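In: Requesting a structural model of the entry that follows:
(4 chains)
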Number of protein chains: 4
Amino acid sequence: MERLLRRCQIRNPLVRESLAECLGVYVLILFGCGTVAQVTTSQEKNGQYLSINLGFALGVTFGVFVSRGVSGAHLNPAVTLSLCVLGRHPWVKLPLYTFFQVLGAFLGAATVSLQYYDAIQSYSGGQLTVTGQTATAGIFSTYPAEYLSLGGGFLDQVIGTAALLLCVLATGDQRNTSIPDYLQPLLAGASVLVIGVSMGSNSGYALNPARDFGPRFFTYIAGWGDDVFKAGRGWWWVPLVAPCIGGLVGTLIYELLVEVHHASLSPEDQPSCQETTEGKSLELEGVGPSDGKSA
Amino acid sequence: MERLLRRCQIRNPLVRESLAECLGVYVLILFGCGTVAQVTTSQEKNGQYLSINLGFALGVTFGVFVSRGVSGAHLNPAVTLSLCVLGRHPWVKLPLYTFFQVLGAFLGAATVSLQYYDAIQSYSGGQLTVTGQTATAGIFSTYPAEYLSLGGGFLDQVIGTAALLLCVLATGDQRNTSIPDYLQPLLAGASVLVIGVSMGSNSGYALNPARDFGPRFFTYIAGWGDDVFKAGRGWWWVPLVAPCIGGLVGTLIYELLVEVHHASLSPEDQPSCQETTEGKSLELEGVGPSDGKSA
Amino acid sequence: MERLLRRCQIRNPLVRESLAECLGVYVLILFGCGTVAQVTTSQEKNGQYLSINLGFALGVTFGVFVSRGVSGAHLNPAVTLSLCVLGRHPWVKLPLYTFFQVLGAFLGAATVSLQYYDAIQSYSGGQLTVTGQTATAGIFSTYPAEYLSLGGGFLDQVIGTAALLLCVLATGDQRNTSIPDYLQPLLAGASVLVIGVSMGSNSGYALNPARDFGPRFFTYIAGWGDDVFKAGRGWWWVPLVAPCIGGLVGTLIYELLVEVHHASLSPEDQPSCQETTEGKSLELEGVGPSDGKSA
Amino acid sequence: MERLLRRCQIRNPLVRESLAECLGVYVLILFGCGTVAQVTTSQEKNGQYLSINLGFALGVTFGVFVSRGVSGAHLNPAVTLSLCVLGRHPWVKLPLYTFFQVLGAFLGAATVSLQYYDAIQSYSGGQLTVTGQTATAGIFSTYPAEYLSLGGGFLDQVIGTAALLLCVLATGDQRNTSIPDYLQPLLAGASVLVIGVSMGSNSGYALNPARDFGPRFFTYIAGWGDDVFKAGRGWWWVPLVAPCIGGLVGTLIYELLVEVHHASLSPEDQPSCQETTEGKSLELEGVGPSDGKSA
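Out: Presented below is the predicted three-dimensional model:
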């Protein structure tokens, strides 16, 4: 068995990182959207909103555990973008990471729809709808609350994703509190948990273009039709654009208010400082450890 | 006291491992099925579905704590089988581990039925039934939801157990994220928690032939009768077969997408690699530490 | 301030340990019974059964944090008794520890009744009763469910406390899984959490003579009258006796099935083994660290 | 980007600490009050009281993570005051810390009101009221339960904040249980969680003058009017005064019952003891690490 597996070994770090991001987001969606499916189709008998918050939080935790050592476990194009802007991730990998993150989310949604096929058929009476009493599209991607304006929803996603980056950057900042590497997946999950209990009500805390678009595209081709793009006055583009902006806002806030002031940056110790920064990005965000490990 | 206890010492590692697996699964069932008994007989007054998820999760955690240092804390024939296939556990121990895992689950179910004897009598009016309004067989083993087809249930158990192995292998893979040994029982519990909130609705997430068959056999002889094998169109064999297949699927996915690509496996460093793999299996999965500790 | 405090320093380790046990149980009751008061008087609006489980679990965790370094944080006469039987705690301290554990519980109950005075008055209409629709004695000590026989309740407390000791001994056994000292308070809380979700329904999981008798005696003198001793067919003595027996049963099970088999105990290495055992008891159960720290 | 950020670097430790305290409380309010907004405006569909407990607990955890390395993460004037009295924080910084804590809370409340603008409008029908069926002032600051007397509420806040300081001092006392620095934010969150489940019912566990006054002042100027100061028979000053007294009470209890007795304080080893105490305050409470890190 060991030998058979060895034959499948891939040495190209880009392929390995892509596979890891794909599997990481797959796990996130499998558990996250799976929980929504369970709560929805059981009509809150087998779980409530807090279960959904736990499902996405632990989905992130195990998604990060699965992929962290290989790809750095961004699992979110808004995170990858922020790290690129900070100079901690190469821009050239942005489209690749994004594509495989979306692919993982698509495959995760497909698996959930398969596992809950009987339940969804029974709950919805066989009608796959986006709105109405027995709507099931909300299992897979996010839709705004009825009261929410498009501007309010946009702001909601900007604030939510800013909060996410603020938490992730703070727990990853070794010069603030030095946290062991193995706790980062748990803290990433905890930050998604607290955002879920405090910012989930308006529009379902997508916070992540891949997490929202992959499953939405799946529902589009799997029978829910083009209502998934029309509902909520054309809501679908908000969870794609707003998280990217929010991620940058959160990054800017943390950098300007805390991180940039840590170390003395006078000319003579700039190099050592930069070294520290790079070392940190390697360890904390897990970017590019493939070089040190694979070859 | 100390001296009296010493007389009972057993030096045979196989016996010690068998006792540990038995006690580990006993703890898992005592807490897990105990929670279902509490929620069922109190009619959700003293707990809800989330409590059941917590009960099984922490049941796994303490089951692993109790047995890990001795037997490796598989607590699940599907896990033992996957580790055998991966070459991290000797095939010869598979039947022994399986037998004692089932025995532990049987004894755990017996203890729960004793502790909740008055409650079950009061709740069910003395009628031990498998289906109906006051059915109590579901306290001990799993039954499918009414809407679920046999194929859908089989797939449900395959996906659930695959997710379990994916999580367990990822958190145990030191070349992905290096996690201290003492956190493994907590992460095993967390993976069962997230599977419970996201995949419990269809058929009660057995994920484990021993966890399901031991208690089912107990209910068969303790008054629930042969309905426990007939209910759900003969559901009983699904949680025996599907988790074994699911475990292998999850193992294969993690190995093929992540683990196999970690280290360079060119001919010259194959031996050192194998050494690493074996060392890892000893530490992470706890397989066979008896040699180093007992003799 | 620092100087004023220094004048109050006490060098007698017995007094210090007594104060620590008293404060530890005080914290446990303050949070544990406080949660029951909140859930009861808010009629489940500000918390449900799971909140009660969390309140007692975290009450134990912080009770242990408060006292562990000084007294070993038994917080429970049944735990002290089991450690005495195992030879890990001097018998002579048993009555002292027990007295201050009960005192701490009494003072904790008094504080809860003070903090919730207005709430209890409002909820009960000023009638402090042990049974009936607006009974409030259950905030402080445990009473059996209506369906429970005395024998069933006795067994319930034996099984519950046996499970507690099983968990505590397993997580404290460095030759099983080696766990850092600072995680022990969290794992003690987790074991009380899982016992609460799985074994709380029958009679409220006292598991601890001090936790139950101190508050019961408080309610006796504070206005609830001698119904607190009469209710449940004279239930009050069960949570005093059964946990002591249960603690010993759990200790015996863990010792006989796991711990005693760890190390080779042939005559020549007996001394080194005993040394290890003693070292462990000092670190793990925190018994008697005063010698090494105070003088 | 990195270069642009560097230009904004501030070397004055007082400014950096002020910014960190401000951001820390901002995060605490953003998540904490955000959860109340979610539970209130969704009419408990998207969360219940336990969600609120989790929101404030994790809000504290991430507020501490964000600021700990820079300012010591007091996030609460009552904590700062207690540390000043203990001689672990310079009195001169007390007003500065307090001001920026209140400012952070004000800005956090403003952000929550922005993010939940549509939801609050829809829930309240556009009427921003402090009392009544659709009152929304309780999202931001605390109000007493109807049954609560002013004296009872004062006592409630004294006990609650005393419990908070007891927990924080115990987990930070390296001579009790030695806990790694990176776990302190999680334990601070856990102590707020247990206080929330056990002491939230009477008056919403403010425990913190800044957490309460900042958002109250925001509601005063943002449309809720002077009812926010009149409601609950002029409740507003209680969460300002009582937590300060409670913090001192809790500090005194822990110091007198546990901490002062740890080390021998005979004249000859006083200096080394003081050194230990100072070293501890630096590491545990994070006071003043700027000197060691920035210059």
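In: quick one: what helix or strand has the nearest residue to residue A:202 once chain neighbours are set aside in it?
Out: Distances taken as CB to CB, 6 or more residues apart in numbering or on different chains place residue A:156 nearest to residue A:202, at 4.4 Å, with adjacent residues excluded. Quick note: C-beta positions are derived from backbone N, CA and C, even for glycine. Assigned by DSSP states H and E, residue A:156 belongs to helix A:150-172.
In: What parts of the stretch 1-150 of chain A come near chain D?
Out: A:48-50, A:53, A:85-87, A:145, A:147-149 (CB under 8 Å from any CB of the partner chain).
In: what's the burial count for residue A:237?
Out: Residue A:237 has 14 neighbours, counted by other CB atoms under 10 Å in any protein chain shown.
In: do you know how far residue A:214 is from chain B?
Out: 17 Å (CB to the nearest CB, to the nearest Å).
In: Any idea how many residues pack against that residue?
Out: 25.
In: for it, what are its contacts?
Out: When the contact criterion is CB atoms under 8 Å, 6 or more residues apart in numbering or on different chains, the partners of residue A:214 are A:25, A:29, A:101-109.
In: Select, from those residues, the two members most distant in space.
Out: A:101 and A:109 (12.9 Å; CB to CB).
In: Assign residue A:177 to helix, strand or coil.
Out: Look at residue A:177: counting by DSSP: H, G, I helix; E, B strand; the rest coil, its state is coil.
In: Could you report the pLDDT at the nearest residue to it once chain neighbours are set aside?
Out: Computed as CB to CB, 6+ apart, the closest residue to residue A:177 that is not its neighbour in sequence is residue D:68, at 5.0 Å. For residue D:68, the pLDDT comes out at 95.
In: Residue D:68: which element?
Out: helix D:49-71.
In: Show me what that helix is packed up against.
Out: When contacts are defined as 3 or more CB pairs under 8 Å, 6 or more residues apart in numbering or on different chains; DSSP states H and E, helix D:49-71 packs onto helix A:49-71, helix A:150-172, helix A:184-199, helix C:49-71, helix D:13-41, helix D:184-199.
In: and the angle from the second one to helix D:184-199?
Out: With axes from the mean of the first three to the mean of the last three CA atoms, to 10 degrees as the basis, helix A:150-172 and helix D:184-199 are set at 120 degrees to each other.
In: what does the longest one give?
Out: For helix D:13-41 against helix D:184-199, the angle by the same axes, to 10 degrees is 40 degrees.
In: Looking at the stretch 151-295 of chain A, which residue is nearest chain C?
Out: For the stretch 151-295 of chain A, the residue closest to chain C is residue A:180, as judged by CB to the nearest CB, at 11.8 Å.
In: Correct me if wrong: residue A:129 contacts residue A:224.
Out: Yes - checked against CB atoms under 8 Å, the pair residue A:129 and residue A:224 is within contact range at 7.3 Å.
In: Now the common contact residues for these two.
Out: What both residue A:129 and residue A:224 touch, as defined by CB under 8 Å, 6+ apart, is the set A:136-137.
In: for the stretch 1-150 of chain A, which spans come out with low pLDDT?
Out: A:1 (pLDDT under 70).
In: related to what we said a few turns ago, tell me the buried residues within the residues of the stretch 1-150 of chain A next to chain D.
Out: A:48-50, A:53, A:85-87, A:145, A:148 (16 or more other CB atoms under 10 Å in any protein chain shown).
In: For residue A:247, which non-adjacent residue is closest in space?
Out: Among residues not flanking residue A:247 along the chain, residue A:78 sits closest, at 3.8 Å (CB to CB, 6+ apart).
In: Pick out the residue of the stretch 1-150 of chain A closest to chain C.
Out: Counting by CB to the nearest CB, the stretch 1-150 of chain A gets nearest to chain C through residue A:50 (9.5 Å).
In: Not counting its neighbours along the chain, what's nearest that residue?
Out: Per CB to CB, 6+ apart, closest to residue A:50 is residue D:51, 5.8 Å.
In: can you pull the contacts of the one you found?
Out: A:49-50, A:53, A:197, D:35, D:38-39.
In: could you list every residue that touches the spatially most central residue of chain A?
Out: With distances taken as CA atoms, centre = their mean, the residue of chain A nearest its centroid is residue A:76 (4.0 Å). Contact partners of residue A:76, counting by CB under 8 Å, 6+ apart, are A:101, A:207-211, A:243.
In: mind giving me a markdown table with the helices and strands packed on helix D:49-71 and columns for distance to residue C:97?
Out: Converted to a markdown table, those look like this (distance: least, CB to CB, whole Å):
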| stretch | distance to residue C:97 |
| --- | --- |
| helix A:49-71 | 39 |
| helix A:150-172 | 40 |
| helix A:184-199 | 36 |
| helix C:49-71 | 7 |
| helix D:13-41 | 39 |
| helix D:184-199 | 24 |
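In: So which of those is nearest residue C:254?
Out: helix C:49-71 (19.0 Å).
In: who touches the next helix or strand after that closest one?
Out: Per DSSP H and E, the first helix or strand lying C-terminal to helix C:49-71 is helix C:77-85. Among residues not part of helix C:77-85, those counted as contacts by CB under 8 Å, 6+ apart are B:1, C:74, C:89-91, C:93-94, C:97-98, C:101-102, C:161, C:164-165, C:168, C:207-210, C:243-244, C:246-248, C:250-251, C:281, C:285, C:287.
In: If we use 7 Å, what do you get?
Out: Residues outside helix C:77-85 that contact it (CB atoms under 7 Å, 6 or more residues apart in numbering or on different chains): B:1, C:74, C:89, C:91, C:94, C:97-98, C:101, C:161, C:165, C:208-210, C:243-244, C:246-248, C:251, C:285, C:287.
In: hmm, back to that, now the helix holding residue D:68, how far from the chain's geometric center?
Out: 9 Å (CA atoms, centre = their mean, to the nearest Å).
In: Show me which positions of that helix end up buried.
Out: For helix D:49-71, a neighbour-count test (16+ other CB under 10 Å) marks D:49-71 as buried.
In: go on, stretch A:82-101?
Out: Under the neighbour-count criterion of 16+ other CB under 10 Å, stretch A:82-101 has A:82-89, A:93-94, A:97-98, A:100-101 buried.
In: Can you name the residues of the stretch 51-200 of chain A sitting close to chain B?
Out: Residues of the stretch 51-200 of chain A lying close to chain B by CB under 7 Å from any CB of the partner chain are A:51, A:54-55, A:58-59, A:62, A:65-66, A:68-70, A:111, A:114-115, A:117-119, A:122, A:181-182, A:185.
In: And for residue A:14, the neighbour number?
Out: Residue A:14: 14 neighbours (other CB under 10 Å).
In: Who are the contact partners of the residue of the stretch 1-150 of chain A closest to chain C?
Out: Taking CB under 7 Å, 6+ apart, one finds B:50, D:47, D:50-51 in contact with residue A:50.
In: Apply 8 Å and report the result again.
Out: If a contact means CB under 8 Å, 6+ apart, then residue A:50 has A:197, B:50, D:47-48, D:50-51, D:54 as its contacts.
In: Could you do residue A:249 as well?
Out: A:158, A:161-162, A:165.
In: which SSE is it in?
Out: Here residue A:249, judged by DSSP H and E, is contained in helix A:238-257.
In: angle of that helix against helix A:150-172?
Out: 50 degrees.
In: can you tell me how far the residue nearest to the centre of chain A sits from residue A:97?
Out: 9 Å (CB to CB, to the nearest Å).
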